[in-house]
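Colleague: Sequence first, then the predicted structure, then my questions.
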Amino acid sequence: MISLSILEAGLVNGLLTGGVYALIALGLTLIYGVLHIVNFAHGSLLMVAMFGGWMLVEWAHLDPYAALPLMIVVMFAIGWGLYAGVIGRISGGDDRRILLATLGVAIVLDNLALVLFTGDTRTIETPYQFAVIEAGPLLLSVPKLISFGVAIVLALLLWAFMARTDMGRAIRAVAREPDGARLVGIRPGRIFALAYGIGIACLGAAACLLLPTFYVSPQVGNVFVLTAFTIVVLGGMGSFPGAVVGGLLIGVTESLGGLFLGESLGPIGISLVFILVLLFRPTGLFRAAR
Amino acid sequence: MLKYWPVLLVVAALLPLASSSQFLVNLAMLTAFSALLGQGWNIACGFGGLTSFGHAVFFGIGAYAVAIMQTRFGINPWFGLPAAAVLGAAAGAVLGAAAFRAGLRGSYFALVTLAFAEVFRILANSLEITKGGLGILIPLHPALANFQFDDRREAYALVLAVLAVAMGVAAWLRRSRFGARLVAVRENEDAAAALGIPLVRTKTQALALSGAVTATAGVLYAQMFLYVDPSIAFGADRSVEMLLVAMIGGAGTVWGPVLGAIVLHLIQDTARLLIDTPGFAPMLYGAILLVIIAFMPNGIAGLRLPALRRNRVRDA
Amino acid sequence: MLEVRSLAKRFGGLRAVKDVSLDVPAGSITALIGPNGAGKTTTFAMIAGFTVPDSGAVRFAGTEITRWRPDRIAALGMVRTFQITQPFAGLTVAENIRVGAFLRHHDVTEATARARAVGTRLGLGPMLDRPAAALTVAGRKRLEVARALATEPRLLLLDEVMAGLNPSEVNEIVALIRQVRDGGVTILLIEHIMQAVAALAETAHVLAEGALIASGTPRQSAADPAVVEAYLGHGAAARMARHE
């Protein structure tokens, strides 16, 4: 039998992990909501961000949290460039083509990392990586608490940016009515690159939050890609609150799946949720708020 | 002369059978095997436009089916072959019926196939009947009766024969009523439905057909390498390989997967000579895929090679 | 041949089609006309099985077909065309038409011969082996009709086949539609342009804001004050008077 305290620990742990998941999924759902691109390269770009963070920590001796703002900027630039240089040029036409294009980008990035860094698994060392806080009967991992807090703050900032700033309003206008937006002088092409850049910038932050408790390898993106899609589909493609709630739910699902089904069978929970949602409730829990 | 290039290709494919070079036979066999995988994907995804990111699910079902049948139940793999094909078709029918009934298309269908393959990989990794992460080792008993081959040329001949059947299926799609209606569904679902084509049934049948062919490839793999494990069978790399072969060669054409497989293996071997680092060749594949998507939607087969030009409907 | 009873459809808060009932007698050419946004295409989509109605019933040739899938309806003999033409862009013109011919002809040779015959009859002869994407707008409209005809329907639903054509092309297609009817196919057509319908249809039903406001011969319908109002806008007469 699984005791109550283990269950509680699993729940809380899942919620904490879910914060970062939510951040990853926010990027994916933003890209879908604005560009209608199912960004299959999302996992690979997270991997790129993790290697970026890893290099800053290992070679420039930065703290991963100090690297975070820097990686947001770097990933924004990479996302912008990728859209302007590759994906934006191929998009147009049917969504299969764009999906295949993002798959192509993922293949190139994964294997480029393999060429540059070999397939080794890498981790960073920080003084606080095993630090815990006692909260009643629970032991909470400090880096996970930090990552949860920062992820939620960033999610709120992103929401405020979209809701309150002119640029955010322009992005939402393009998402709703690309042609209408053009009439009032907004250039959709630039907004698309901007939205893709912001979506990828989320990965820069997520990567730095993951680094203290996770490993880096060229395949690490594959671990997250299906998870991210599951969250976005569960929450409703294009929905902001959906991505956050979905992220937390999936974090808990994963944690409890591991608890009840064991380490090898546990991950099946996410794939099953994904399949069931798509088959029976493809609009997700939240309709896209557009 | 160029007009007869398929003939030349067939002759070239048969040459290694007369050669004693292990290297040559192996290269030819792996190329033919890739072409078979690509053709399996191509049947549903090229002709029917049902882009799948998880076709390894059918490959793995075939490979595990034949491995389990002979190691557990002592069933001769020659019987396992048709049984695995039937299982592959059944898996395609179930997946197709569920996904298409739910109205999943395009990217959503691609993602759901990916998740299906992942479910099977995790199951294979966890269940006792598949021996979990250890994988299944098929005991070595080389004899034609055991579907195991002493001479690589025998194995190659068999791969070629199955490839020929798969290409026959593709050629039938090109000529038949079913194939024409499947292509219509790919081109425009609303128009196809308006003209009386049942969408769910047509797509499900195509996926079942594709599942059968791909599962057969899985059987061949298991019998050639005598080992299956979860990531060999259901890994994303396998799905991507199938897709690359067909997309690069030319999705929805009969010869595309063959051309794609040749190009892929040429790149692989030359890349190895240049920079012998894991990941270098696959990186090139990804780049080629991007170029194909951007500039050559019909793949290599879309280049104006005479025998590849679209079959026109001629006066009867 | 076709009986439509009280069809209704709502999209969110918008009642696109409120209560539409109409009959299409066998062998007739019947028109459904109305201003843009009146709900014509939604009505068509519900009749042909592309949109599920919220309420109401459709009977075709004595069979209740409400909520049937489009392909089953087509197999029963009622086939629609699309206002925004939907060619199979990667196929040739003949291959496009052959997809329709395959509904009744399982033999490839037979279906091919049939498709070429239909295509030639509709004036697509010289284009048969060209890609469908190469057709002009008028050519695409013909292809829509040819593909639908190749299924050998009893009732043909034509969705604005004249929109976007020049006057001489309109005349050609009017003659073509007559010829099709004389060949024994009943026709229900949607049209925005009144004039084209007047020359063609025996009966015209006028749809405005999701409801039928007039039925009769095209001439009668056109003269109906409610119809004038619907086409020119509410209080149009008064406004015009002020400007003059």
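Modeller: Looks like it arrived, so ask away.

Colleague: ok, which stretches of the stretch 151-300 of chain B are strands?
Modeller: B:227-228 (DSSP state E, counting those that start in this stretch).

Colleague: can you check chain C too?
Modeller: All strands of chain C, identified by DSSP state E, fall at C:2-11, C:14-24, C:29-33, C:55-60, C:63-64, C:78-80, C:155-159, C:186-191, C:203-208, C:211-216.

Colleague: swap in chain A?
Modeller: A:132-135, A:138-141.

Colleague: how about the strands of chain C, which one is nearest chain B?
Modeller: strand C:78-80 (5.4 Å; Cβ to the nearest Cβ). (Glycine included, C-beta is placed from N, CA and C.)

Colleague: next one: that closest one to chain centre, how far?
Modeller: 8 Å (Cα atoms, centre = their mean, to the nearest Å).

Colleague: Provide the backbone phi and psi angles at the residue of the stretch 1-150 of chain B found nearest chain C.
Modeller: Closest approach between the stretch 1-150 of chain B and chain C, counting by Cβ to the nearest Cβ: B:G49, at 10.0 Å. When quoted as degrees, to the nearest 10, the phi and psi of B:G49 stand at phi 70, psi 20.

Colleague: Look up the closest residue to it, ignoring the ones flanking it.
Modeller: Nearest non-adjacent residue to B:G49, counting by Cβ to Cβ, 6 or more residues apart in numbering or on different chains: B:R186, 3.2 Å away.

Colleague: Any idea how many residues pack against the one you found?
Modeller: Number of residues near B:R186 (other Cβ atoms under 10 Å in any protein chain shown) recorded here: 23.

Colleague: Quick one: residues contacting it.
Modeller: Contact analysis of B:R186 by Cβ atoms under 8 Å, 6 or more residues apart in numbering or on different chains lists B:47-50, B:252.

Colleague: Run through the residues that contact residue 98.
Modeller: Because you didn't say which chain, this covers chain A. Contacts of A:I98 by Cβ under 8 Å, 6+ apart are A:37-38, A:87, A:90-91, B:107.

Colleague: should've been chain C
Modeller: B:180, B:313, C:111-112, C:114-115, C:150.

Colleague: measure it to chain A for me?
Modeller: 23 Å (Cβ to the nearest Cβ, to the nearest Å).

Colleague: Spatially, and excluding backbone neighbours, which residue is closest to that residue.
Modeller: Per Cβ to Cβ, 6+ apart, closest to C:R98 is C:A115, 3.8 Å.

Colleague: Count the neighbours of the one you found for me.
Modeller: The number of residues near C:A115, taken as other Cβ under 10 Å, comes to 27.

Colleague: Near chain A, which residues of the stretch 1-150 of chain B are found?
Modeller: With Cβ under 8 Å from any Cβ of the partner chain as the criterion, the stretch 1-150 of chain B comes near chain A at residues B:49, B:51, B:53, B:98-99, B:102-104, B:106-108, B:110-112, B:114-116, B:118-119, B:122-123, B:125-126, B:132-133.

Colleague: Which ones among these lie within helices?
Modeller: B:98-99, B:106-108, B:110-112, B:114-116, B:118-119, B:122-123, B:125-126 (DSSP state H).

Colleague: What is the least confident helix or strand in chain A?
Modeller: When each helix and strand of chain A is scored by mean pLDDT, DSSP states H and E, helix A:178-183 comes last, with a mean of 74.

Colleague: got the contact list for it?
Modeller: Contacts for helix A:178-183 (Cβ under 8 Å, 6+ apart): A:170, A:173-174, A:188, A:191.

Colleague: about what we covered before: need the contacts of C:R98 in CSV (columns: pLDDT).
Modeller: Formatted as CSV, the contacts of C:R98 follow (pLDDT from 0 to 100):
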residue, pLDDT
B:A180, 96
B:V313, 41
C:A111, 96
C:T112, 96
C:R114, 95
C:A115, 96
C:A150, 96
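
Colleague: So the residue lying closest to A:V220 once chain neighbours are set aside versus B:L207, what's the distance?
Modeller: Nearest-residue entry for A:V220: A:M47, 4.9 Å, with adjacent residues in sequence omitted and distances by Cβ to Cβ, 6+ apart. A:M47 sits 31 Å away from B:L207, going by Cβ to Cβ, to the nearest Å.

Colleague: burial of B:I288, as a residue count?
Modeller: With other Cβ under 10 Å as criterion, B:I288 counts 22.

Colleague: which residues touch the nearest residue to it once chain neighbours are set aside?
Modeller: In this structure, B:I288 finds its nearest non-sequential neighbour in B:I248, 5.8 Å apart by Cβ to Cβ, 6+ apart. The contact partners of B:I248, by Cβ under 8 Å, 6+ apart, come to B:259-260, B:263-264, B:285, B:288-289, B:292, B:299-300.

Colleague: Out of the residues you listed, which comes closest to chain A?
Modeller: Closest to chain A, out of all of these and judged by Cβ to the nearest Cβ, is B:L289, at 4.0 Å.
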